[in-house]
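>>> When you get a sec, could you give me coordinates for this:
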Amino acid sequence: MVHRAQQAAAEFSAVAVDSYRALVRREDLDAVLILSPQWFGALPILAASESGKAVYCAGGLDLQPEEAASVKQRVEETGIAFMPEFPRRHAPATLRLKELIATRLSDARLLFCHRRAGAEDDRGHVRADRPERGNMHDLIELVDWCCYVVDREPTMVTGLMHQSDGRLPGEDYQMMSLDFSEPAAPGAGPLAQISCGRYIPARWEEAITFRPLAALQVCCERGVAFVDLPSTLIWFDEAGRHQESLDSERPVGEQMLLQFHRAVTGAACKTCGLADAHRAVTIVQLARRSHIDGRRIELRNHDA
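Numbering: from 1, shown residues only. All right, here's what the predicted structure looks like:
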């Protein structure tokens, strides 16, 4: 491993280090970007926190509730800048949808949020180490997306999983119902149905993209909207159909990195999205528990 690290460092005229802990202790390092989920889980986040380094987290959020709570507590204690990558929030279509809800469509009542992807990774390898990781990472983002659109705290979750047929390990489909009602009146408030499936082999690209559902469908008090990321929004009200193709001055990824830079330099909230990330991780894990226990789970008892 040391030899491979030295080879990679030589290609970029960089310095090889023995471990991520040694890396985050460098005095010339201000921030750490975690760009994909790996075996190390929350360890780089905790190490960066101990060294007082800012963290941009694009992967590694698929943690157990106890780990997520530990990360949240450590980041809050150390006061480092921390930003989870939730690109769906910053997409032009999402921002326009929020405007329409505030001005034309009124409050969201029902949300249908779907994600369909290949069963293997980009190289065609089955995720044998953590077969549920792909679904979980996607579900965390989808949960945060729905909470952001509704703009209120969910109160109850019901989860359901489907085991694969044996060709692939783990689950190939997961869904949940996220209830934003008051606990005393379940079903009376907004309700989100969120699903994520990895049941089609990645090499069947045409099948994966065949007749896809809208990434997000939102039924509001005065209309309905269909969102396809990053920039397509079709909505209906009493006046009929409206279609918008939205552009942004900067790509979504660049906007998020700019926001992170502002947090690192002290020009913005340092823990932007920390509570939201913890909430989404907790909800996804509780949805799994809901499936196992066969019951609806109230979120207010679990610090979501």
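>>> make it CA atoms for all contacts and neighbour counts henceforth
Fine.
>>> per-domain residue ranges of this structure.
Here the domain assignment for the chain is 2-86, 87-254+282-301, based on automatic domain parsing.
>>> These into a markdown table, with extra columns for distance to G266?
As requested, the domains of the chain are arranged in a markdown table below (distance: least, Cα to Cα, whole Å):
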| stretch | distance to G266 |
| --- | --- |
| domain 2-86 | 9 |
| domain 87-254+282-301 | 18 |
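>>> Nearest to C272, out of those?
When these are compared by Cα to Cα, domain 2-86 sits nearest C272, at 5.6 Å.
>>> what's around the residue lying closest to Y199 once chain neighbours are set aside, how many residues?
Excluding the flanking residues, the one nearest Y199 by Cα to Cα, 6 or more residues apart in numbering is D172, at 5.0 Å. Neighbours of D172 under the rule other Cα atoms under 10 Å: 22.
>>> can you check Q64 too?
Look at Q64: counted by other Cα under 10 Å, it has 16 neighbours.
>>> What residues sit buried inside the longest helix seen in the chain?
With secondary structure taken from DSSP state H, the chain has its longest helix at helix 274-293. Judged by neighbour count using 16 or more other Cα atoms under 10 Å, the buried positions of helix 274-293 are 274, 276-291.
>>> That helix - what's its average pLDDT?
Helix 274-293 shows a mean pLDDT of 91.
>>> What strand or helix carries the residue nearest to Y199?
Assigned by DSSP states H and E, D172 belongs to strand 171-179.
>>> Residues contacting that strand, please?
Contacts to strand 171-179, defined as Cα atoms under 8 Å, 6 or more residues apart in numbering, come from residues 119, 131-132, 135, 154-164, 186-187, 189-199, 287.
>>> Tell me the strands beside that strand, with direction?
In the sheet, strand 171-179 lines up against strand 156-163 (antiparallel), strand 191-200 (antiparallel) (DSSP bridges).
>>> Quick one: closest of those to Q6.
Between the strands paired with strand 171-179, strand 191-200 lies closest to Q6; by Cα to Cα that is 36.5 Å.
>>> Let me know the next secondary structure element after the closest one.
For strand 191-200, the following helix or strand on the C-terminal side (DSSP H and E) is helix 205-208.
>>> Could you look up the next helix or strand downstream of that following helix?
Following helix 205-208 toward the C-terminus (DSSP H and E): strand 216-220.
>>> Could you name the helices and strands sitting against the helix or strand following that following strand?
Past strand 216-220, further along toward the C-terminus, the next helix or strand under DSSP H and E is strand 223-228. In terms of contacts (3 or more Cα pairs under 8 Å, 6 or more residues apart in numbering; DSSP states H and E), strand 223-228 is packed against helix 92-100, strand 216-220, strand 232-237.
>>> Can you check what angle separates the shortest one from strand 232-237?
Think strand 216-220. Relative orientation of strand 216-220 and strand 232-237, computed by axes from the mean of the first three to the mean of the last three Cα atoms, to 10 degrees: 20 degrees.
>>> any idea how far strand 216-220 is from the chain center?
Relative to the centre of its chain, strand 216-220 is centred 19 Å away, using Cα atoms, centre = their mean, to the nearest Å.
>>> Measure how that strand sits relative to strand 223-228, angle-wise.
Angle, strand 216-220 to strand 223-228, by the same axes, to 10 degrees: 170 degrees.
>>> Between helix 92-100 and strand 216-220, find me the angle.
0 degrees.
>>> Just the endpoints, please. Distance across stretch 71-87?
Using Cα to Cα, to the nearest Å, the end-to-end distance of stretch 71-87 comes out at 21 Å.
>>> contacts for that stretch?
In contact with stretch 71-87 (Cα under 8 Å, 6+ apart) are residues 42, 45-46, 49-50, 52-59, 141, 144-145, 252-253, 256, 260, 263-264, 269-275, 277-278.
>>> if we can go back for a sec, please name whichever of the strands paired with strand 171-179 is nearest to L299.
Short answer: strand 156-163, nearest of the strands paired with strand 171-179 by Cα to Cα, at 5.3 Å.
>>> How far away from the center of its chain is the closest one?
17 Å.
>>> just stretch 155-167 next, same as before
18 Å.
>>> now do stretch 256-269
Relative to its chain's centre, stretch 256-269 lies at 19 Å (Cα atoms, centre = their mean).
>>> Could you pull out the buried residues of it?
If you call a residue buried by 16+ other Cα under 10 Å, then stretch 256-269 has these buried ones: M256, Q259, F260, H261, A263, V264.
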